[in-house]
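Q: the following block contains a protein sequence and its predicted model.
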Number of protein chains: 2
Amino acid sequence: MGISVDTFFLKPDGQGTLQAQIQQMIAEGILSGRFHVGEKLPSSRKLAAHLGVSRITVTLAYTELLANDYLVAKGRSGYYVSENAPVPPTYTPIQRGEETVDWDRAIARSFRGGDVLRKPPNWRDFRYPFIYGQADPTLFDHANWRLCAVRALGHKDFASLTADYVDQDDPLLIEFIARHTLPRRGITARPEEILITLGAQNALWLASRILLNRRRKAAIEDPCYYALRELLVPSKCQVAPLQVDADGLPPGSIPDDTDVIFTTPSHQCPTTATMPVARRHELLRRARDIDAMIVEDDYEFEMAFLGAPSPALKSLDRDGRVIYVGSFSKSLFPGLRLGYMVGSEPFIREARALRSLVLRHPPGHIQRTAAYFLSLGHYDAQIRRMSKALLERRKAIEDANCKNDLTIAGRGVYGGSSLWMKAPEHVNTTALASDLQKQSVHIEPGEPFFSGPDKPRNYYRLGYSSIATDRIAPGIEIIAKAIDSA
Amino acid sequence: MGISVDTFFLKPDGQGTLQAQIQQMIAEGILSGRFHVGEKLPSSRKLAAHLGVSRITVTLAYTELLANDYLVAKGRSGYYVSENAPVPPTYTPIQRGEETVDWDRAIARSFRGGDVLRKPPNWRDFRYPFIYGQADPTLFDHANWRLCAVRALGHKDFASLTADYVDQDDPLLIEFIARHTLPRRGITARPEEILITLGAQNALWLASRILLNRRRKAAIEDPCYYALRELLVPSKCQVAPLQVDADGLPPGSIPDDTDVIFTTPSHQCPTTATMPVARRHELLRRARDIDAMIVEDDYEFEMAFLGAPSPALKSLDRDGRVIYVGSFSKSLFPGLRLGYMVGSEPFIREARALRSLVLRHPPGHIQRTAAYFLSLGHYDAQIRRMSKALLERRKAIEDANCKNDLTIAGRGVYGGSSLWMKAPEHVNTTALASDLQKQSVHIEPGEPFFSGPDKPRNYYRLGYSSIATDRIAPGIEIIAKAIDSA
């Protein structure tokens, strides 16, 4: 590909002769890596016309660059970036002058500084990746996903691919979720009660912005999904972290002045506890008594290979009090960024309006692709395949933990893809995780999941959705040794 | 596809015998449209095990439904939804009981009620669609987009498709934008100074949240992109609408206490005015004098078929004062939801953190597809093809306007895809647009673009990016007649 003439501009405050400025502009382009070896420069005629200078000025600049070995001439076909031109290792443009903006003043609100679970970018190269929530190439039905994506790229679907939906969603995906996905959770919902989101993260954020402000209080589980705590910060609400037990969130501990309760009843994050049905009813009663809303994050309900999952809390909700959040990140893949929320119409109308302000709508193509994948039955087949593999891995990891005397602090009763682990009190699992990386083992330290100043440091999470079964036992052995010598 | 056994739940507060409850559950599923004609029911053994009831109870329920013609039995293969079962026209689940939530209380912040340009959902069926900003199937390089999307779905790109980037972007797309797209606007930027967004809407929203709060003031153009006004509302800032002239925003009118200036210098939205270079320098000086930031929305710069676009305001910015917003909505298609912003590192770090809270990152697949489409040169070819067609249409629409004595209030000097039109004072273009729909003509009323209580009602916008050249003259004729008789 030739270098487009449109990428050339003379600086309005350029120094020196025009010829020198043109030379410098091209040399800087090469030095900064913008122009690559072998790329063709515009003809001197074109560049001269574009810059509004005489052709001879450009020709002289090119000749000079030729002499300096920045360019080579190939007969009548023109000028190319020379093989001998200095090549920077990566692209780093020339620095601009000193900036004068006072960013401390200019930034009205800051959103940085929260707890983030950083995963090593090269985790796929690890021998023992006990990582959570990533797609496993050996389990994901890549071939059928491709077929569905290609179908969604077809002429018949041109509008769903390209159109500006403004604030709408793909009706095909909505219908499938209403007809097939939600009934599995015991939920009936009309299309107007469903909104597609950019993953569960986006759904939780939308709910927090609509239901909370600086005068309201949110109750969250402790420990909890660390990003939930972070996304509540901009809403400026009060936050009450409530310690979970083996059955999840204890309804009795919810303060009377709570406005919104964030909970993960099917599969508490990160402890994996499942809330019994009796407690679900109790939670709903408590919410009714104090007139609080409930946001139910029902992530990972599909990974139920040990027993049928209980119906969602939303299915027991008679008041319209529960906002249900679902996600395709665990069952399909997180890079898809596709989730959904279900709630009463007044709420969904607000969520739709806010989503429209922030991003309009999730891209049409991914919505249609997911609709095809679901409606052709590939999704169900995929869940069965994943469940089979996860069951096998789960057995392997429980056996290995037992054999190595590691303490399991939480295990989902109907499945899931992770175990919540407890190391002896003196072990700092953040340091442990960092040490284990050197032995190609990835584990997730538990500290970021906890609220408050005195966070326990000896918990960790073992994901088994991306590790091959035969790697589990040797990996656990390394972890056990590292804990012993910690 | 059979109906999954997982979609069946007995209601915890169900009335009547178990058999009756099962019958009702199935009948409701059929009546509500959840189960379709011909779909197979779970075997009585499976359903009984799932519900925890005796098999004979399920068999009796099935037999009853058979007698009622809700189900048919096909020999030994099982029970299916009967062809004679009542079928609702569309899916409407059984209503839940009366909801008790007081939504006026529960909703802490409302985001609804703004001006929205509603386009008729069936605009593609219109004979004369003078619509703005939609993809034209006759111009979009659908074939190569598909090839790039398929390539991005390949095994080699598994990680970029599926991975949770957390707060990162596709490095391939970032590099291409830095190396090829931005230099065309005279901008040099390092990868850390670029953030991919869910369209320009998302970029403008991120900027508004970071740079504004209730103590700050935003200056916006009047008229302006209506969604900009709406997205500023949640930031609670003061807003100063400044009347634009034939050269765009007059820097002298910017109040001294302005913190952020939102502007569209290349192609004012909606008047299409291009700000001359001298005024751009003046605007930068004014911003420096009052220490204000500038958000430059450089939408549609690619559609330059009448002359080279001026370098972006950002290219003249020495202070780091300009946040640049670009979009692929006009040059590719709006349903892609892909844009980007360029700014100094302290700002981009904040924008990245906020984006991560709200949605993590734009889906990997669309980023990689765009990166391929750009880097293989299809994008440039596409722009050339569009520019050629738009030039032709532009000529046709100018001719037709002249012939029919319609008044053009604004035309982009280097191109664009719309004209800003002025009808006589007494014409209400909202009513006009509504009347014209009956004659299969779509025009966009101008009122939503204006700020304040006394909005002019006689402006309208004619987009020519989705109308065939030969439809333009007859379409304009109908509009002229409608204005004459208004």
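A: Done, it's in.
Q: not counting its neighbours along the chain, what's nearest residue A:130?
A: Distance criterion C-beta to C-beta, 6 or more residues apart in numbering or on different chains; nearest residue to residue A:130, sequence neighbours excluded, is residue A:462 at 4.5 Å. Yep, even glycine has a C-beta here, placed from its N, CA and C like the rest.
Q: for the one you found, phi and psi?
A: As for residue A:462, its main-chain torsions (degrees, to the nearest 10) stand at phi -110, psi 110.
Q: ok, it touching residue A:417?
A: No. Here residue A:462 lies out of contact with residue A:417, judged by C-beta atoms under 8 Å, at a distance of 9.9 Å.
Q: one step back: could you give the number of residues near the residue nearest to residue A:130?
A: 25 (other C-beta atoms under 10 Å in any protein chain shown).
Q: kindly report the same for residue A:296.
A: Neighbourhood size, residue A:296 [other C-beta under 10 Å]: 25.
Q: what of residue A:40?
A: Residue A:40: 15 neighbours (other C-beta under 10 Å).
Q: ok, and the closest non-adjacent residue to it?
A: Using C-beta to C-beta, 6+ apart, the nearest residue to residue A:40 is residue A:2, at 4.1 Å.
Q: what about that neighbour, which SS state?
A: coil (DSSP: H, G, I helix; E, B strand; the rest coil).
Q: quick one: contacts for it?
A: The contact partners of residue A:2, taken as C-beta atoms under 8 Å, 6 or more residues apart in numbering or on different chains, are A:39, A:40, A:41, A:42.
Q: what pLDDT does the first one get?
A: Among the per-residue scores, residue A:39 shows a pLDDT of 89.
Q: residue contacts, the spatially closest residue to residue A:164 that is not a sequence neighbour?
A: Computed as C-beta to C-beta, 6+ apart, the closest residue to residue A:164 that is not its neighbour in sequence is residue B:334, at 3.7 Å. Residues near residue B:334 by C-beta under 8 Å, 6+ apart: A:162, A:163, A:164, B:133, B:134, B:135, B:199.
Q: quick check, the fifth one in a helix?
A: No. Residue state for residue B:134 (three-state DSSP) corresponds to coil; a helix is not indicated.
Q: could you check how far it is from chain A?
A: For residue B:134, the distance to chain A equals 6 Å [C-beta to the nearest C-beta, to the nearest Å].
Q: tally of neighbours for that residue?
A: Neighbour number of residue B:134 under other C-beta under 10 Å is 23.
Q: how about the last one?
A: Using other C-beta under 10 Å, residue B:199 has 26 neighbouring residues.
Q: I'd say it and residue B:340 touch.
A: No. Judged on C-beta under 8 Å, residue B:199 makes no contact with residue B:340 at a distance of 9.7 Å.
Q: rewinding a little: can I get the contacts of residue B:334 in CSV with distance to residue B:183?
A: Formatted as CSV, the contacts of residue B:334 follow (distance: C-beta to C-beta, whole Å):
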residue, distance to residue B:183
A:162, 27
A:163, 31
A:164, 28
B:133, 25
B:134, 29
B:135, 26
B:199, 22
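Q: among those residues, which one lies nearest to residue B:80?
A: Distance to residue B:80 across these (C-beta to C-beta) is lowest for residue A:163, with 36.7 Å.
Q: quick one: contacts for the closest one?
A: Residue A:163 makes contact with A:364, B:134, B:135, B:333, B:334, B:335, according to C-beta under 8 Å, 6+ apart.
Q: can you do 7 Å?
A: Counting by C-beta atoms under 7 Å, 6 or more residues apart in numbering or on different chains, residue A:163 makes contact with A:364, B:134, B:335.
Q: can you tell if the strand or helix carrying residue A:372 touches chain B?
A: In this structure, residue A:372 sits in helix A:364-375 according to DSSP states H and E. Yes. Counting by C-beta under 7 Å from any C-beta of the partner chain, chain B has neighbours in helix A:364-375: A:364, A:365, A:366.
Q: list the buried residues for the helix or strand just after that helix?
A: Reading on from helix A:364-375 to the C-terminus, the next helix or strand found by DSSP H and E is helix A:378-403. Using 16 or more other C-beta atoms under 10 Å in any protein chain shown as the test for burial, helix A:378-403 gives A:378-380, A:382-383, A:386-387, A:389-390, A:393-394, A:396-398, A:400-401.
Q: could you do stretch A:300-309 as well?
A: Of all the residues in stretch A:300-309, those buried under the rule 16+ other C-beta under 10 Å are A:300, A:301, A:302, A:303, A:304, A:305, A:306, A:309.
Q: ok, now stretch A:445-458?
A: A:445, A:446, A:447, A:448, A:449, A:450, A:451, A:457, A:458.
Q: tell me the contacts of the last one?
A: Residue A:458 makes contact with A:422, A:423, A:424, A:425, A:427, A:429 under the criterion C-beta under 7 Å, 6+ apart.
Q: just those residues now: which is nearest residue A:141?
A: The closest of the contacts of residue A:458, once distances to residue A:141 are taken by C-beta to C-beta, is residue A:429, at 34.4 Å.
Q: still on that earlier bit, tell me the one of the contacts of residue B:334 nearest residue A:268?
A: Minimum distance to residue A:268 across these is 35.6 Å, recorded for residue B:199 (C-beta to C-beta).
Q: so that closest one makes contact with residue B:335?
A: No. Residue B:199 is beyond contact range of residue B:335, at 9.6 Å (criterion: C-beta atoms under 7 Å).
Q: what are the phi and psi values for residue A:461?
A: Torsion angles, degrees, to the nearest 10, at residue A:461: phi -120, psi 140.
Q: which non-adjacent residue is nearest it?
A: In space, residue A:461 comes closest to residue A:444 once its chain neighbours are excluded; the distance is 4.2 Å by C-beta to C-beta, 6+ apart.
Q: returning to what we had before: want to throw the contacts of residue B:334 into JSON lines with distance to residue B:7 and pLDDT?
A: Shown next, in JSON lines, are the contacts of residue B:334 (distance: C-beta to C-beta, whole Å; pLDDT from 0 to 100):
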{"residue": "A:162", "distance to residue B:7": "34", "pLDDT": "87"}
{"residue": "A:163", "distance to residue B:7": "31", "pLDDT": "85"}
{"residue": "A:164", "distance to residue B:7": "34", "pLDDT": "85"}
{"residue": "B:133", "distance to residue B:7": "41", "pLDDT": "90"}
{"residue": "B:134", "distance to residue B:7": "38", "pLDDT": "89"}
{"residue": "B:135", "distance to residue B:7": "38", "pLDDT": "86"}
{"residue": "B:199", "distance to residue B:7": "36", "pLDDT": "95"}
